[in-house]
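A.B. asks: quick one, structure for this:
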Amino acid sequence: MLLEFYKYQGTGNDFILLNNLSGTINLTYEQVKFLCDRRFGIGADGLMLIETQPDFDFKMVYYNSDGNLSSMCGNGGRCIVAFAKHLNLINQKCTFLAVDGPHDATLENDNVVALKMNDVKNIEVGADFYFLNTGSPHYVKFVEGIENYDVFNNGKIIRNSDRFIEEGTNVNFIEKLDNELFVRTYERGVENETYSCGTGVTAAAIIAALTGVSNTKNNCLIKTLGGNLEVTFDKVLEQNFYNIWLKGPANLVFKGTITINE
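C.D. replies: Okay, the predicted model is just below:
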C-alpha cells in the first residue's frame, strides 16, 4: 500500500500526519509502529489521522509510536491544526474532536498555533510529586540541575512502578530557571524522553501556578529541549484551572510517500 504522508514537528515533538478524510486508511498496530520507527520507517513520536466528523471541522485520531491508540497529545493537536490549514479545511480558527473531547484552536500566523486544553481538577499532591490529567496522565516532580538530570532512567522507574505499570503515566521533571520553567518529559507509549510534550508542559505550568513557583498568576513560559512554549490559564479555586491554552510553533518538515505491507 502506498501512503502519502506529511511530517510535522512542534518544538521537536514530531508526528506523521495522514489525510484520512476519505476514510479509506485503516492501519494496523504493526503498520503504525513501523511508520514511527526511526530506523526502518519514517520516524516519529506519534502518528495522526485527520478525519471527517459531523459538527466539527475535523477529527484527530492519535497513535503513540508503539502502535497503540493513545490519549490526548497537545503538540500533536497543534500540529494537526496546522495540517488542517494546509489542507484548506480551516482558516484561522477551528474546533475539532479528539479522544478527550472538543478542542478550540487558533492560528496566530503561519506556524504558531494556540490550542485550548480541557479544564483541570482534582490534582493529587504527593510527598514529593504531583499527579494530574491534562488530557493525558502526568506525574510532575521538581528537580535541581535539570539540564544534566537522568530523565530516561528516573522517568522509566516511575512509569513502570507498581502504581503505573498497567495504564502508564507520563513523567515530567521541572525546574524554575529565571523567568521560565524548564520541563523535560519521559513519555509513555514512546518509552523515552521526547524533545517536548504539550500535555506535559501544560501540567507543569499548572503545578508551577499551584505551588507559587510561577512569576505570574495566569501564564507560564516553558523551555523544552525542542523549543519554547507558553501556557495561559484561569483559576477558580485552588485546584480548578480552566480556559487553558497551549501556544507555540507547529511546522511542516517534509512530505513524501512510503510503501507499507498490507
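A.B. asks: switch to C-alpha atoms for all contacts and neighbour counts from now on
C.D. replies: Will do.
A.B. asks: and residue 116, bridged to which residues?
C.D. replies: Residue 116 has the following beta-bridge partners by DSSP bridges: residue 245.
A.B. asks: run through the residues that contact it.
C.D. replies: Contacts for residue 116 (Cα atoms under 8 Å, 6 or more residues apart in numbering) come out as 103-105, 243-246.
A.B. asks: buried ones from those, can you make that a ChimeraX selection?
C.D. replies: Burial among the contacts of residue 116 is assessed by 16 or more other Cα atoms under 10 Å; the matching ChimeraX selection reads:
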select :103,104,105,244,245,246
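A.B. asks: and the contacts of residue 116 as JSON lines, adding pLDDT?
C.D. replies: Below are the contacts of residue 116 laid out as JSON lines (pLDDT from 0 to 100):
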{"residue": "103", "pLDDT": "98"}
{"residue": "104", "pLDDT": "98"}
{"residue": "105", "pLDDT": "98"}
{"residue": "243", "pLDDT": "96"}
{"residue": "244", "pLDDT": "97"}
{"residue": "245", "pLDDT": "98"}
{"residue": "246", "pLDDT": "98"}
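A.B. asks: so which of the contacts of residue 116 is the closest to residue 91?
C.D. replies: Using Cα to Cα, residue 105 is the member of these that sits closest to residue 91, with 10.7 Å.
A.B. asks: count the residues that sit near the nearest residue to that closest one once chain neighbours are set aside.
C.D. replies: Distance criterion Cα to Cα, 6 or more residues apart in numbering; nearest residue to residue 105, sequence neighbours excluded, is residue 115 at 4.4 Å. By other Cα atoms under 10 Å, 26 other residues sit near residue 115.
A.B. asks: other residues contacting the host helix or strand of residue 78?
C.D. replies: Taking DSSP states H and E as the definition, residue 78 sits inside helix 74-86. Outside helix 74-86, the residues that touch it by Cα under 8 Å, 6+ apart are 8-11, 13-15, 17, 46, 48, 50, 60, 90-92, 94, 105, 107, 110-111, 113-115, 117, 196-199, 246, 250-252.
A.B. asks: how about stretch 219-227?
C.D. replies: 10-13, 179-184, 195-196, 201, 205, 214, 228-233.
A.B. asks: give me the buried subset of the residues you listed.
C.D. replies: Applying 16+ other Cα under 10 Å to the contacts of stretch 219-227, the neighbour count classes 10-13, 180-184, 195-196, 201, 205, 214, 228-233 as buried.
A.B. asks: is residue 206 in a helix, a strand, or coil?
C.D. replies: helix (DSSP: H, G, I helix; E, B strand; the rest coil).
A.B. asks: residue 192 versus that one, what's the distance?
C.D. replies: Residue 206 sits 23 Å away from residue 192, going by Cα to Cα, to the nearest Å.
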